[in-house]
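Engineer: Let's see this in three dimensions:
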Amino acid sequence: MADSTTIDIYNKTGNKDLYLFFDYAEGGTEGVTNFSNMTYLQPWSGPKALDLDKPFSCSFDYLNSGTFWYIITNDEGAATISKYPNTAMGSEDPNWVGGFFELSLLASNPEIYMDVTNVDQVGLFCGIGFADGSTCGYGKTANDMISGIITACGLGEDTKAKKTLTGSDNKTYAKLWGPTLPAVSALYANVYDGYISAITANDTNLTINSDSTEGSNHAGTQLPSLKFTGKFGAPETMPAGSPVSKEDVVLHMTSETCKAIGEPVQIYFTKEGINGGTIMSGSSAGGMYVYPAFEYPDPKDQSKILKGGWASDVSLNWTATGTNAVQNTTCFQAMVSSVGRDIVTAMNMGYIGVTAAKENFVYGNSATYATEANQEKYINKWNRYITSHSDSYGMAYSDAAHQKVQFHPAVGSTITCYIFGQDDPETTSYWSEND
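Structural biologist: This next block holds a predicted model:
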C-alpha cells in the first residue's frame with residue numbers, strides 16, 4: 001500500500017462559491033479521503049465553510065485517471081449543478097468558467113503522473129507546487145493568455161469563441177473555447193481544409209509505421225508494427241463490395257501484408273473522417289472504413305470479437321466502448337487508430353509537404369518533413385501558444401508530438417494547488433520555466 005498522497009487546494013480567486021469537482025475511475029482507486037467521485041463541493045461556502053485563506057485538503061492511496069476540476073458559474077450554471085449534482089458540466093456549456101489538472105497513481109505502476117491541459121478551452125488557471133520545490137503552471141494570467149491566443153489564431157476580439165459570465169461575486173469571468181469544440185471549430189480549422197487540398201494537389205506520398213501491439217493489454221491477436229503507404233485523394237480502385245464509393249474517399253492507406261491477418265489492411269477516410277475539424281479535435285464521429293476488419297468488438301456485445309468484412313463509418317479513434325473499453329479494444333483497432341493518430345499529429349504540426357521537393361513523407365523521419373514555411377503556415381496555433389507559455393498542452397495527441405508535459409510528484413508527498421483569479425499576477429510564478 002502506497003503512503004497517502006495529499007492535495008491541498010487554495011482558493012485564490014476571492015470567490016467563495018468556487019466549486020471543486022472530482023472525476024476518477026472507481027476501479028484501482030483506494031484510500032480516498034474528503035472527496036467522492038463525480039461530486040461537486042463548495043469548501044469555501046455554506047455553514048461549514050473554510051476561510052478563504054484556508055486550503056481544502058484531500059488525499060488518496062491510489063487514484064485511477066483522476067481529474068480535479070475548479071469551476072465558477074453564474075446563476076444558470078449553479079442551477080444546472082443543483083439539478084444534475086453528479087454530472088460534469090459539458091465543455092460547450094457557456095455558464096461556467098474553469099480548468100482542471102489530471103493525476104494518476106496506479107498500484108501496478110507506483111509513480112504519480114500529473115499534467116494540466118487546455119485542449120478544449122482556456123478559463124481559470126492553477127499553479128502547482130511540489131514537495132521538492134518544483135512547480136507547474138502558466139507563464140501568463142488567464143486574461144493575458146486568452147488575449148494572446150485570440151491574436152495568435154487571428155480570431156478578433158469579438159470572436160464567438162470567447163464567452164463571459166458574471167459570478168456570484170459580481171465579477172466578470174471569461175473563457176475561450178478551443179478548436180476541439182464543434183460550435184467554434186471552423187474558426188480555427190478552415191486552414192486545414194486548404195492543407196488537405198494542397199497535399200492532394202501535390203500528390204504527396206505518405207508512409208506511416210503503425211504501433212506494434214505486442215505486449216499490450218488490448219484484446220485479440222497481438223500484431224507487429226505494419227508499414228502503411230498511401231495518399232490524399234481518391235484511390236484508383238476499391239475492394240469488391242465496398243460500402244463507400246471511391247469518389248467519397250479523401251485519403252487512403254494500405255499496409256504491407258501481415259502474417260496473422262493474411263493480406264494487406266486497407267483504410268479509407270471520407271470527408272466526415274478527415275477534415276479541418278477532425279484534424280484539430282483528433283477524432284471524428286465516423287468516416288473511416290477498414291478492410292479486412294480483422295478483429296473488432298461486436299457493437300451489441302463489446303466482449304465478443306467479430307472477424308472479417310468491413311468496419312464501416314467508424315471513428316478515427318476507433319475503440320470499444322463502455323466500462324471495459326481499454327481491455328475490449330482489440331489490438332487490430334489500436335493498430336489502425338495509430339495510423340489516424342499519426343496523420344492527425346503530422347497535420348497539426350504542418351509536417352506533410354506540399355511541394356515537389358517534399359513529395360515523399362515518412363512519419364518519424366524529419367528529413368522528409370515539409371519546409372519551415374509550411375510548418376509555420378499549418379501548425380496548430382492554439383496548441384503552440386499554450387505550450388509556449390505554460391506547462392499545459394492544447395492539442396489531441398500532444399504526447400505523440402512530444403509536447404505533453406508530465407510531472408511526477410513524490411508518492412506520499414503533499415501537492416499544493418492554487419486556483420487564481422483571472423488577472424492575478426502571482427499566476428506566472430508557477431510556470432516551471434520561471435522556477
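Engineer: alpha carbons only for contacts and neighbour counts from here, please
Structural biologist: Will do.
Engineer: Output the lowest mean pLDDT helix or strand found in the chain.
Structural biologist: Scoring the helices and strands of the chain by mean pLDDT, DSSP states H and E places helix 325-328 at the bottom, with a mean of 86.
Engineer: in that one, what counts as buried?
Structural biologist: Residues of helix 325-328 classed as buried by neighbour count (16 or more other CA atoms under 10 Å): Q327, N328.
Engineer: ok, residues contacting the helix or strand following that helix?
Structural biologist: Where DSSP states H and E defines the elements, the next helix or strand beyond helix 325-328 is helix 331-348. Around helix 331-348, the neighbours that count as contacts under CA atoms under 8 Å, 6 or more residues apart in numbering are 192, 208-213, 216, 218-223, 225, 228, 267, 279-280, 282, 294-296, 316-319, 352, 363, 378-380, 396-398, 400-401.
Engineer: ok now do E30, which residues does it touch?
Structural biologist: Counting by CA under 8 Å, 6+ apart, E30 makes contact with F60, D61, Y62, L63.
Engineer: Run a quick neighbour tally on the first one.
Structural biologist: For F60, the count of nearby residues is 20 (other CA atoms under 10 Å).
Engineer: And for the least confident helix or strand of the chain, what's in contact with it?
Structural biologist: Where contact means CA under 8 Å, 6+ apart, the residues beyond helix 325-328 that reach it are N217, H218, A219, P297, Q302, S303, T319, A320, T321.
Engineer: Can I get that helix in CSV? Just the C-alpha atoms.
Structural biologist: Taking Å, rounded to 0.1, in the frame of the first residue of the first chain, the C-alpha atoms of helix 325-328 are listed here in CSV:
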residue,chain,number,x,y,z
ALA,A,325,-13.2,-0.1,-23.2
VAL,A,326,-9.5,-0.4,-22.9
GLN,A,327,-9.5,-4.1,-22.4
ASN,A,328,-12.2,-4.7,-25.1
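Engineer: Checking F361 next. Helix, strand or coil?
Structural biologist: Secondary structure for F361, judged by DSSP: H, G, I helix; E, B strand; the rest coil, is strand.
Engineer: Could I get the full set of helices for the stretch 251-400 of the chain?
Structural biologist: Using DSSP state H, counting those that start in this stretch, the helices of the stretch 251-400 of the chain run over 276-281, 325-328, 331-348, 372-378, 381-388.
Engineer: Any idea which of those helices gets closest to Y24?
Structural biologist: Judged by CA to CA, the one of these that comes nearest to Y24 is helix 325-328, at 15.1 Å.
Engineer: For P409, see how far away the closest residue to A88 other than its chain neighbours is.
Structural biologist: The shortest distance from A88 to any non-neighbouring residue, by CA to CA, 6 or more residues apart in numbering, is to M38 (7.2 Å). Going from M38 to P409 by CA to CA, to the nearest Å gives 24 Å.
Engineer: one step back: buried members of the contacts of helix 331-348 into ChimeraX, please.
Structural biologist: Buried residues among the contacts of helix 331-348 (16+ other CA under 10 Å), as a ChimeraX selection:
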select :192,208,209,210,211,212,213,218,219,220,222,223,225,228,267,279,280,282,294,295,296,316,317,318,319,352,363,378,379,380,396,397,398
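Engineer: Residue ranges in this protein under the pLDDT threshold?
Structural biologist: Judged by pLDDT under 70, the chain has its weakly predicted residues at 1, 400-402, 435.
Engineer: switch the cut-off to 50
Structural biologist: Within the chain, no stretch falls below the threshold (pLDDT under 50).
Engineer: Farthest out from the centre of it, which residue is that? Tell me.
Structural biologist: Outermost residue of the chain with respect to the C-alpha centroid, by CA atoms, centre = their mean, is P47; its distance is 37.8 Å.
Engineer: can you tell me which residues contact that residue?
Structural biologist: Contacts of P47 (CA under 8 Å, 6+ apart): none.
Engineer: Assign it to one of the three secondary structure states.
Structural biologist: Three-state call for P47 (three-state DSSP): coil.
Engineer: one step back: near the residue nearest to A88, how many other residues are there?
Structural biologist: Neighbour count of M38, defined by other CA under 10 Å: 15.
Engineer: where exactly do the strands run in the stretch 1-150 of the chain?
Structural biologist: Secondary structure of the stretch 1-150 of the chain (DSSP state E, counting those that start in this stretch): strands at 5-12, 19-30, 39-41, 56-60, 62-73, 96-106, 109-116, 121-122, 125-129, 135-136.
Engineer: Spatially nearest residue to K377 (excluding sequence neighbours)?
Structural biologist: Nearest to K377 is G350, by CA to CA, 6+ apart, at 7.2 Å.
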